[in-house]
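**Student:** Sequence and predicted structure, then a few things I'm wondering about:
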Amino acid sequence: MTTVGKVIKCKAAVAWEANKPLVIEEIEVDVPHANEIRMKIIATGVCHTDLYHLFEGKPKDGFPVVLGHEGTGIVESVGPGVTEFQPGDKVIPLFVSQCGECRFCQSPKTNQCLEGWSSGGHERMSSLETRFTCRGQKVLQFTGTSTFSQYTVVNQIAVAKIDPSAPLDTVCLLACGVCTGFGAAVNTAKVEPGSTCAIFGLGAVGLAAVMGCHSAGAKRIIAVDLNPDKFEKAKVFGATDFVNPNDHSEPISQVLSKMTNGGVDFSLECVGNVGVMRNALESCVQGWGVSVVVGWTDLHDVATRPLQLIGGRTWKGSYFGGFKGKHDVPQMVKAYLDKKGKLDEFITHRMPLESVNDAIDLMKNGKCIRTILSLE
Ligand code: NAD
Ligand code: ZN
């Protein structure tokens, strides 16, 4: 029986409020409106940004919401005005849209787009418009995607069509974590061959940054984490040195400076902690060191002494690794299919959507790199 043109009832993990476990509910997913695509979600990763919304940021108007933004799907039906997609297409919903027409899309200097959910909803991490309801209430769509649901509706400017041979339960990592870390190294830091790099935080984002530094030809890649269980994985992606700040009494920037004769050429903060952001900057060599903020937080100010910057260091930020989603994500999928990049090595756990709270606990307790949830 066709679902086209009808409201779909399906399972989703609803976050009714901050700090509470997600609840598996039956939700109603509306038909796609003009320029929208309704898709069946096949698989999704759990990213720290989902945990940030639930436990750290806890925005006042950000609930109830369906989290999840690292997913893959298959187009079920399209709304009026959609010509680029057809039912059956394999797709990745994007938290960074690419309308192709706004001032930002027209510039090669940024991957941000002035359209899409973020134009009005950075505070609550969703636009006010949603195609979801549950128990008679409107439920928000996190970053315009909401992949912890068997079906979702996404504007076509935030959907990438990918190679039909791609394994959807693996390439979902390219919807966020892996593109974010890899691109932060390659596109934002612009890591150079022969350089020395330091990566702070070795979750999927940090490990992808290690992979990016390695593929850019860095000669030394120092992996920094408070959890020494992460070091073995970092070696797989190309890290050469391993530092646990808890093993040292002096500030980590001094430890790295001594190890590298004055500081690293490039550092990437993949934790989401303003203290670590400062340490990462101050671990860079004076004169030309570049430090990139990748970790997500908007709760505190970040600080350093002006001389750090006057002395020639550059402080930058990276959003989704600088990738323009619609254009670049299919190419990253192709690179994986051509065996030019690792993805399987990030996956430590697989479970059904019903176990989403276990997946969240694994990440909270530092016991996983990525858990992939299956929605079928
Ligand atoms: P994760 O929780 O899997 O990994 C974080 C790692 O940081 C863990 O290994 C943890 O042990 C380590 N860590 C914690 N405190 C530390 C400290 N003081 N020093 C060194 N290491 C420390 O998270 P993830 O999914 O890899 O995401 C990492 C960050 O990237 C999060 O802040 C996430 O929100 C952010 N993020 C940003 C973007 C973007 O577009 N900029 C996109 C996705 C995720
Ligand atoms: Zn993410």
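**Tutor:** Structure received. Ligands and ions are numbered 1, 2, ... in the order given.
**Student:** For stretch 145-156, output the C-alpha coordinates as PDB.
**Tutor:** Extracted in PDB, the C-alpha atoms of stretch 145-156 (Å, rounded to 0.1, in the frame of the first residue of the first chain):
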ATOM      1  CA  THR A 145      17.200  16.700   9.800                       C
ATOM      2  CA  SER A 146      16.000  14.500  12.800                       C
ATOM      3  CA  THR A 147      17.400  11.100  11.900                       C
ATOM      4  CA  PHE A 148      16.300   9.300  15.100                       C
ATOM      5  CA  SER A 149      13.000   8.800  13.200                       C
ATOM      6  CA  GLN A 150      12.000   6.100  10.700                       C
ATOM      7  CA  TYR A 151      10.800   8.900   8.400                       C
ATOM      8  CA  THR A 152      11.700  12.500   8.100                       C
ATOM      9  CA  VAL A 153      11.000  15.500   5.800                       C
ATOM     10  CA  VAL A 154      13.900  17.700   4.700                       C
ATOM     11  CA  ASN A 155      14.100  20.700   2.300                       C
ATOM     12  CA  GLN A 156      15.700  19.800  -0.900                       C
END
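**Student:** what mean pLDDT does it have?
**Tutor:** Across stretch 145-156, pLDDT averages out at 98.
**Student:** So for that stretch, what gets flagged as buried?
**Tutor:** T145, S146, T147, F148, S149, Q150, Y151, T152, V153, V154, N155, Q156 (16 or more other CB atoms under 10 Å). Quick note: C-beta positions are derived from backbone N, CA and C, even for glycine.
**Student:** Restricted to helices, list those.
**Tutor:** Among the buried residues of stretch 145-156, no member falls in helices (criterion: DSSP state H).
**Student:** any idea which of these is closest to T188?
**Tutor:** Checking the buried residues of stretch 145-156 against T188 with CB to CB, the nearest one is T145 at 22.2 Å.
**Student:** Find the residue closest to V66 in space, skipping its chain neighbours.
**Tutor:** Spatially, and ignoring its direct neighbours in sequence, V66 is nearest to S146 (4.0 Å; CB to CB, 6 or more residues apart in numbering).
**Student:** For L268, which three-state class applies?
**Tutor:** strand (DSSP: H, G, I helix; E, B strand; the rest coil).
**Student:** I'd assumed G295 was in contact with it.
**Tutor:** No: contact criterion CB atoms under 8 Å: L268 and G295 do not qualify, at 9.1 Å.
**Student:** which one of the two has more residues nearby?
**Tutor:** L268 (34 against 24; other CB atoms under 10 Å).
**Student:** who touches the more buried one in this structure?
**Tutor:** 181, 184-185, 189, 197-200, 206, 209, 213, 280, 291-292, 294 (CB atoms under 8 Å, 6 or more residues apart in numbering).
**Student:** Sort out for me which of the residues you listed are in strands.
**Tutor:** Cross-referencing the contacts of L268 against strands under DSSP state E gives C197, A198, I199, F200, S291, V292.
**Student:** now, among those residues, which is nearest to ligand 1?
**Tutor:** Among the ones in strands among the contacts of L268, F200 lies closest to ligand 1 (CB to the nearest ligand atom), at 5.0 Å.
**Student:** Most neighbours among the ones in strands among the contacts of L268, which one is it?
**Tutor:** The most crowded member of the ones in strands among the contacts of L268, judged by other CB under 10 Å, is I199 (35 neighbours).
**Student:** Confirm that V302 sits in a strand.
**Tutor:** No: read with three-state DSSP, V302 is coil and lies in no strand.
**Student:** shouldn't it be in contact with M277?
**Tutor:** Yes: here V302 reaches M277: they are 5.0 Å apart, a contact under CB under 8 Å.
**Student:** tell me the contacts of Q98?
**Tutor:** By CB under 8 Å, 6+ apart, the contact set of Q98 is C105, N111, C113, I157, A158, K324, G325, K326, H327.
**Student:** No further queries at this time; thank you.
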